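Peer 1: I'll drop the sequence and a predicted model, then ask my questions.
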Amino acid sequence: MLKTLLLNPPSFDGFDGGAGSRYQARREIRSFWYPTWLAQPAALIPGSRLVDAPPHGIGVEEALALAAQYELVIVHTSTPSFQSDRRFVAALKARRPAATVGFVGAHVAVLPEQTLRACPDVDFVARHEFDFTLKEVAEGRPFDEIDGISYVDRETGTIVHRPGRRLITNMDELPSVVDVYQRDLRIDTYYIGYLKHPYVSLYTGRGCASHCTFCLWPQTIGGHTYRVRSPESVYEELKRAGSLFTQVKEYFFDDDTFTDNRPRAAEIAGRLKPLGLTWSCNAKANVPYETLRAMREGGLRLLLVGFESGNQQILNNIRKGTRIDRARRFVADCKRLGIKIHGTFILGLPGETQQTIQRTIEFARAVDPETIQVSLAAPYPGTELYDQAVRNGWLKQEALLDAHGLQDATLEYEDLSKEEIFRAVEEFYRRFYLRPRPILRIVKEMALDRRECTRRLREGYEFIRFLSERRQPAQAH
């Protein structure tokens, strides 16, 4: 077994780009998702180590010194961080030429040949779902016997694409990641603004039955079949996590859509109820009241809901599979049950106009979720949105981030410039949060918990700084 390091390398200060973040960028406030996509193979490979550099404050030199101690280094990369990660690998190979270095992540899953040509220092790319692929590499098997990888034949210089590996159907085959978290990560350094701190995120399944044109994981790694672990397995993992992380206040199920399998969601909630844990999850705005009630009774606190737009035609354009009227009823049901909602919205999707932007802002204000996140439409390679943008001439620049590591507008339409889309994000935030109800919610929360008061003051400062930094590139647009 090769001495193996799984690495989420350094990038922009505060950059959430690891193997867990769906959209890699610096956030409005300090936010880091757990590197679950790297933790899973780390749990499979005996003696391996996981290093998540950004949230732990590990810089380039320290990361290079660590990586040079290993025989096999697996680097997670993404479209926004690829150039930085490519330079890191070149520096690592200069220090330890004998090390075997591989790339994983959504970007390389869909662009393996381009990746190998752009980064000749990388020995291989593990495509799509890569857990058992990396285990076989760590076992020292020859590349020409490992399915799911692409590599350069060093004798001929040709690029070899091995057959694709079948997606895992029995998710219970994968070991729990919580022991890797406990061994290799500092739990207190992971923050998400709408989750209680400290929190832990886990996957109970992979894939999503929906076909949203913009969504990254299902179109690049996870697939469109929701493959799940058994409720008993989820219960045992949460029971184990509860004993390891006594300081944790909330668990988050990061499945693309945990509520896709409603009977299973209700069963898991019932099993978790005796543990007395607080948990949250991703959901579509179409979960019926009875399922919501069962989840609430089992410890559910919050749902992360991708509303995306307040315009039905835009939702149809992106194949969201939800209706505005149904979303309103869903929000009312959640409020009736005391379930909080963090609503996410995207500006600049196909069909966007100044009028639809205003309609989405008004929709958000009307349904009034607890908190919101406003993102710019990000056409990642491998997604249908990217192909549409290229085909229709909407894509005005390839870079998804600006020089500060913040999201930049890349799409533009005949009647809506990318500058207008970019500026609308700040307008959205201001019109939502600068109202009595959201302000009173925040003040009440701060008054009831001294630690939350300190945290919210910090986040308020970070949010103001975020808006200020966004204006700098905006002035150059």
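Peer 2: Perfect, I can see it now. Numbering: from 1, shown residues only.
Peer 1: So F307: helix, strand or coil?
Peer 2: When classified by DSSP: H, G, I helix; E, B strand; the rest coil, F307 comes out as strand.
Peer 1: Contacts only, for it.
Peer 2: A285, T322, A327, G343, T344, F345, F363, A364, V367 (C-beta atoms under 8 Å, 6 or more residues apart in numbering). No exception for glycine: its C-beta is placed from N, CA and C like everyone else's.
Peer 1: What lies in contact with stretch 219-230?
Peer 2: Contacts for stretch 219-230 (C-beta under 8 Å, 6+ apart): 37, 106, 109-110, 128-129, 167-169, 171-172, 174, 204-211, 218, 237, 255-257, 260-261, 264, 380, 382-384.
Peer 1: Could you rerun that using 7 Å?
Peer 2: The contact list for stretch 219-230 (C-beta atoms under 7 Å, 6 or more residues apart in numbering) reads 106, 109-110, 128-129, 167-169, 171-172, 204-209, 211, 218, 256, 260-261, 264, 382-384.
Peer 1: Make a PyMOL selection of the buried ones in these.
Peer 2: Those of those that count as buried under 16 or more other C-beta atoms under 10 Å are selected in PyMOL with:
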select buried, resi 106+109+110+128+129+168+171+204+205+206+207+208+218+256+260+261+264+382+383+384
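Peer 1: So which of the contacts of stretch 219-230 are in strands?
Peer 2: Secondary structure from DSSP state E places G205, R206 of those in strands.
Peer 1: follow-up on the earlier one: how about the contacts of F307, which pair is most distant?
Peer 2: By the measure C-beta to C-beta, T322 and A364 form the most distant pair in the contacts of F307, at 14.7 Å.
Peer 1: possible to save the contacts of F307 as CSV with neighbour count?
Peer 2: Putting the contacts of F307 into CSV (neighbours: other C-beta atoms under 10 Å) gives the following:
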residue, neighbour count
A285, 26
T322, 21
A327, 22
G343, 25
T344, 19
F345, 23
F363, 18
A364, 20
V367, 21
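Peer 1: for this structure, what are the low-confidence residue spans?
Peer 2: 18-19, 473-477 (pLDDT under 70).
Peer 1: Looking at the record's assignment, how would you partition it?
Peer 2: As recorded under automatic domain parsing, the domains making up the chain are 4-128+130-161, 171-476.
Peer 1: Pick the most buried one from those domains.
Peer 2: For the domains of the chain, the largest average neighbour count (mean count of other C-beta atoms under 10 Å) is found in domain 4-128+130-161, namely a mean of 20.
Peer 1: can you map out the strands along the stretch 151-300 of the chain?
Peer 2: With DSSP state E, counting those that start in this stretch as the criterion, the stretch 151-300 of the chain has strands at 159-161, 199-202, 205-206, 227-228, 250-253, 279-283, 300-308.
Peer 1: Would you mind extracting the C-alpha trace of the longest one into CSV?
Peer 2: Meaning strand 300-308. The C-alpha trace of strand 300-308 is given here as CSV (Å, rounded to 0.1, in the frame of the first residue of the first chain):
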residue,chain,number,x,y,z
LEU,A,300,-35.0,18.4,11.6
ARG,A,301,-34.2,22.0,12.2
LEU,A,302,-33.6,23.6,8.8
LEU,A,303,-33.9,22.9,5.1
LEU,A,304,-31.6,24.2,2.5
VAL,A,305,-33.9,24.9,-0.5
GLY,A,306,-32.8,25.8,-4.0
PHE,A,307,-35.6,28.2,-5.1
GLU,A,308,-33.3,29.6,-7.8
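Peer 1: Tell me how far it lies from the chain's centre.
Peer 2: 14 Å (C-alpha atoms, centre = their mean, to the nearest Å).
Peer 1: Outside of whichever helix or strand comes after it itself, list whatever touches it.
Peer 2: Downstream of strand 300-308, the next assigned helix or strand under DSSP states H and E is helix 312-317. Identification of contacts with helix 312-317 by C-beta under 7 Å, 6+ apart yields E308, S309, T322, R323, I324, L349, P350, G351, E352, T356.
Peer 1: 8 Å instead?
Peer 2: T213, E308, S309, T322, R323, I324, L349, P350, G351, E352, T356.
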